[in-house]
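Student: okay, here's the prediction I keep looking at, along with the sequence it came from:
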Amino acid sequence: MLIRFPSDIPASEITSESVWHKRRALIAAAGLAGMGLGGVAQTARAAASASGTTIDGSASLTAAQAAMQQATLNAALSTDEARTDYDAVTSYNNFYEFGVNKDSPKRQAGALQTRPWTVRVEGEVLKPRTFDIDDLLKLAPMEERIYRLRCVEAWSMVVPWVGYSLSHLLRQVEPTGQAAYVTFETVMQPQAMPGLRYPVLEWPYTEGLRLDEAMHPLTLLAFGLYGKLLPNQNGAPLRLAVPWKYGFKSAKSLVTIRLVRERPMTSWMKSAPHEYGFYANVNPDVAHPRWSQANERRIGEGGLFTPRRNTLPFNGYGEQVASLYQGMDLQANY
């Protein structure tokens, strides 16, 4: 998501790193109880929570927050690099439905409605199905995965996501033998998303993966970060996290997942096909037409004059995913 120059990062937006101590206490319920609700509504909500139902989404959100805090760390799929500060992760972002500036998502995303929410999984599947967000939250055990995130604009972060492998969801619908690719579509809420009024991209925002990429254990369906529910600006209530690809492959605020036979034409491929190819494999040897991809600036590492670090092939996940691209020309298939 990716049309701004990587050198345009003001020092005021660089946040120093801090140590994250995961909390397990259930704090969401206390916060919800203090929102000025009448006694009748509070009693109804308590009854709904006890029965597993929801009233105006609050019981659902409380249970979802508890699931985030109870996630277990998957150390085998996590990096041990220092995590980027929470404030930086949630304020320095690309989400063009809310505007093209890095702070636009945080400023504009408050109106996004994340309850009720459903995700339709369809196409080349034997069992197409519409999933409610509460069903998805219980579909598989939640894990914390600490992933590197690399933007094609040559800045990067380290983010502790919470979720589970997308493969858990795809197996529920049983892909047919004709399924070869997976497309992902982001929600369109015009009243909440001012960016939809501008032709920056073709809406709804669409991304895609090969089926084997989508089924890879690293491909995460994320519901939270830092042990909290995803903030709206980061793609609430659920998004992808595909750590070996540029960040624009990790589509946000998903409403439709479609399995298809032919390679999809994604939003960025339509907008600028000479700049953004389908694979986005973070190949440092393939420069963007306007800047090098050989190195990157890690947000939180000191500021504009911090020495840049080298970008690793597949963003450092080559050992896990390089076999997916064996025999491919990753210069031509960028």
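Tutor: Everything's here; your move.
Student: neighbours of residue 71, how many?
Tutor: Look at residue 71: counted by other C-beta atoms under 10 Å, it has 22 neighbours. No exception for glycine: its C-beta is placed from N, CA and C like everyone else's.
Student: do the same with residue 202
Tutor: When neighbours are defined as other C-beta under 10 Å, residue 202 has 13 of them.
Student: ramachandran angles for residue 309?
Tutor: phi -100, psi 150 (degrees, to the nearest 10).
Student: what's the local residue count around it?
Tutor: For residue 309, using other C-beta under 10 Å, the count is 12.
Student: and the pLDDT for it?
Tutor: On the pLDDT scale, residue 309 is placed at 95.
Student: quick one: contacts for it?
Tutor: Residue 309 makes contacts with 156, 295-298, as judged by C-beta atoms under 8 Å, 6 or more residues apart in numbering.
Student: that one bridge partners, please.
Tutor: residue 296 (DSSP bridges).
Student: report the buried members of the contacts of residue 309.
Tutor: 156, 296-298 (16 or more other C-beta atoms under 10 Å).
Student: any chance of the residues you listed in CSV, plus pLDDT and distance to residue 170?
Tutor: Output for the buried ones among the contacts of residue 309, formatted as CSV (pLDDT from 0 to 100; distance: C-beta to C-beta, whole Å):
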residue, pLDDT, distance to residue 170
156, 97, 28
296, 96, 31
297, 94, 35
298, 95, 32
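Student: can you tell me the element residue 119 falls in?
Tutor: strand 118-123 (DSSP states H and E).
Student: tell me the buried residues in that strand?
Tutor: 119, 121, 123.
Student: so who does the last one touch?
Tutor: So the one you mean is residue 123. 179, 183, 258-260 are the contacts of residue 123 under C-beta under 8 Å, 6+ apart.
Student: out of the residues you listed, which are buried?
Tutor: Buried members of these, counted by 16+ other C-beta under 10 Å: 179, 183, 258-260.
Student: and which of these is nearest to residue 312?
Tutor: Using C-beta to C-beta, residue 183 comes nearest to residue 312 of those, at 27.8 Å.
Student: and the angle for the host helix or strand of the closest one with strand 118-123?
Tutor: In this assignment (DSSP H and E), residue 183 forms part of strand 181-186. Relative orientation of strand 181-186 and strand 118-123, computed by axes from the mean of the first three to the mean of the last three C-alpha atoms, to 10 degrees: 150 degrees.
Student: could you shift the numbering so residue one becomes 11, and keep it that way?
Tutor: Sure, I'll start numbering at 11, so the last one becomes strand 191-196.
Student: run me through the strand neighbours of strand 191-196, direction for each.
Tutor: Assessed with DSSP bridges, strand 191-196 is paired to strand 216-220 (antiparallel), strand 264-270 (antiparallel).
Student: dump that strand to CSV, restricted to CA.
Tutor: The C-alpha trace of strand 191-196 is given here as CSV (Å, rounded to 0.1, in the frame of the first residue of the first chain):
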residue,chain,number,x,y,z
TYR,A,191,-5.6,-19.1,-5.6
VAL,A,192,-7.3,-17.3,-2.8
THR,A,193,-8.6,-13.8,-3.0
PHE,A,194,-9.3,-11.5,0.0
GLU,A,195,-11.7,-8.5,0.0
THR,A,196,-11.8,-5.7,2.6
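Student: ok now it, how far from the chain's centre?
Tutor: Here strand 191-196 shows a centroid-to-chain-centroid distance of 13 Å under the convention C-alpha atoms, centre = their mean, to the nearest Å.
Student: which outside residues touch it?
Tutor: Contacts of strand 191-196 (C-beta under 8 Å, 6+ apart): 107, 133, 180, 214-221, 224, 250, 261-274, 276.
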